[in-house]
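J.: this one's structure only:
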């Protein structure tokens, strides 16, 4: 079953209405409407082993092994045992075919904090990265009844591998 975002549904609904109106008038469209973007296949990257690392709040793009090493090393090691391990758990990426896109928002204080990619699409002149940073309400009175947030430290960093492109990357979210 295909899953569409609300924006995609509106675009497709408008397209079908327009094509239906043309067909109802006896006209047939000669042009096939090309989508203005192409969703990219993404793979979430997991560290080679569990690591306790926190990155500053930022967006990241690494197109080479050197850039990936620099970005990974920006993360503060929270477990001293990790310091003497080669690569510090950094996932291996074939930069001949792929690049890494990452987002970080430091850390959260409960299990209700979250950070994830909504979508990554290739546009005509850039790559659009849509992400969501979920934060719980800080006042109990405004929280939905029945919502329970586990008290725990949460590192808010996500890394994905996408096909390598030279287009600029733009991040949308918060």
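T.: Great, that's in hand. Worth saying up front: this structure is predicted, and the values here are computed from it rather than measured.
J.: lowest average confidence, helix or strand, in the chain?
T.: helix 6-24 (a mean of 53; mean pLDDT, DSSP states H and E).
J.: So residue 107: helix, strand or coil?
T.: strand (DSSP: H, G, I helix; E, B strand; the rest coil).
J.: Tell me the helix or strand right after the least confident helix or strand of the chain.
T.: strand 38-39 (DSSP states H and E).
J.: what helices or strands is that next one leaning on?
T.: Where contact means 3 or more Cβ pairs under 8 Å, 6 or more residues apart in numbering; DSSP states H and E, strand 38-39 is packed against strand 114-122. All C-beta spots, glycine's among them, are computed from the backbone N, C-alpha and C.
J.: So in that sheet, which strands flank the strand it packs on, and in what orientation?
T.: Applying DSSP bridges, strand 114-122 is found paired with strand 38-39 (antiparallel), strand 127-134 (antiparallel).
J.: quick one: contacts of that strand?
T.: 5, 37-40, 42, 101, 103-105, 108, 127-134, 154, 156-158, 160, 162, 165, 167, 173 (Cβ atoms under 8 Å, 6 or more residues apart in numbering).
J.: just the buried members of these?
T.: Among the contacts of strand 114-122, those scoring as buried are 40, 42, 101, 103-105, 108, 127-129, 131, 133, 154, 156-158, 160, 162, 173 (criterion: 16 or more other Cβ atoms under 10 Å).
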